[in-house]
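Engineer: Sequence first, predicted coordinates after that:
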Amino acid sequence: MDKPRSGLAWLEMRRGRPGNASQLLRRLGLGEILLTHDAFHELQPWRAAAHLEELLMTCGVLPAVDKYLCSFQHWLPGHLAGIGGPEHVKTIRLFSTWRVIPRLRARAERSHITPSIRRFAAEQIKYATAFLQWLGERNSTLAS
């Protein structure tokens, strides 16, 4: 870490509030949080978790992955939680798992993901969600 004081200040931020950096590190040390990218993608607040994940990648504790791919994977569970109806959630989860995320990973392997590529991936999910809602308002389904 280039500026240790900023790291210490970050650890003190939001002290006493759920999900602060100190609590995340404590839970990690106790084994309540697995040391995997997937575990970090499920944590809330996601920004604190994303920052800690990035620090752990920088230190070599976690394998490095593209930060915009991580950003998308942190964003997705919150979006899914806001979707009404379990069938729509299932459809969007499948779409993201089998279409959007593999494309992001392939791009990350070829070169790197830019902010606009990450934004486009989120827009695909948002438009697919809006389309499902539009169909539902017309008593239609994706299958029909």
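Structural biologist: Thanks, I have it. Everything quoted here is computed from the prediction, not taken from an experiment.
Engineer: Find the helix or strand that the spatially most central residue of the chain is a member of.
Structural biologist: Compute the mean C-alpha point of the chain, and by Cα atoms, centre = their mean the closest residue is residue 74, 1.0 Å away. Element membership of residue 74, judged by DSSP states H and E, is helix 67-81.
Engineer: quick one on the thing from earlier: residue 45 is in contact with the residue nearest to the centre of the chain, correct?
Structural biologist: No - counting by Cβ atoms under 8 Å, residue 74 stays clear of residue 45, with 9.8 Å between them. All C-beta spots, glycine's among them, are computed from the backbone N, C-alpha and C.
Engineer: Please tell me I have it right and residue 80 contacts residue 92.
Structural biologist: Yes - Residue 80 lies in contact with residue 92 (Cβ under 8 Å); the separation is 6.3 Å.
Engineer: Pick out whichever of the two has more residues nearby.
Structural biologist: Higher neighbour count among residue 80 and residue 92: residue 92, with 20 against 16, using other Cβ atoms under 10 Å.
Engineer: circling back to that earlier point, model confidence over the helix holding residue 74, on average?
Structural biologist: Helix 67-81 shows a mean pLDDT of 90.
Engineer: quick one: contacts of that helix?
Structural biologist: With Cβ atoms under 8 Å, 6 or more residues apart in numbering as the test, helix 67-81 has contacts from 37, 40-42, 46, 49-50, 53-54, 89, 92-93, 96, 100-101, 104-105, 108, 112-115, 117-118, 121-122, 125-126, 129.
Engineer: Kindly export that helix (C-alpha atoms) in PDB.
Structural biologist: Extracted in PDB, the C-alpha atoms of helix 67-81 (Å, rounded to 0.1, in the frame of the first residue of the first chain):
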ATOM      1  CA  LYS A  67     -11.800  -4.800 -11.500                       C
ATOM      2  CA  TYR A  68     -14.700  -4.000 -13.900                       C
ATOM      3  CA  LEU A  69     -15.700  -7.700 -14.000                       C
ATOM      4  CA  CYS A  70     -15.700  -7.700 -10.200                       C
ATOM      5  CA  SER A  71     -17.700  -4.500 -10.200                       C
ATOM      6  CA  PHE A  72     -20.400  -6.100 -12.400                       C
ATOM      7  CA  GLN A  73     -20.500  -9.200 -10.200                       C
ATOM      8  CA  HIS A  74     -20.900  -7.000  -7.100                       C
ATOM      9  CA  TRP A  75     -23.700  -5.000  -8.700                       C
ATOM     10  CA  LEU A  76     -25.700  -8.000 -10.000                       C
ATOM     11  CA  PRO A  77     -27.000  -9.500  -6.700                       C
ATOM     12  CA  GLY A  78     -28.500  -6.100  -5.800                       C
ATOM     13  CA  HIS A  79     -30.200  -5.800  -9.100                       C
ATOM     14  CA  LEU A  80     -31.600  -9.300  -8.900                       C
ATOM     15  CA  ALA A  81     -32.900  -8.500  -5.400                       C
END
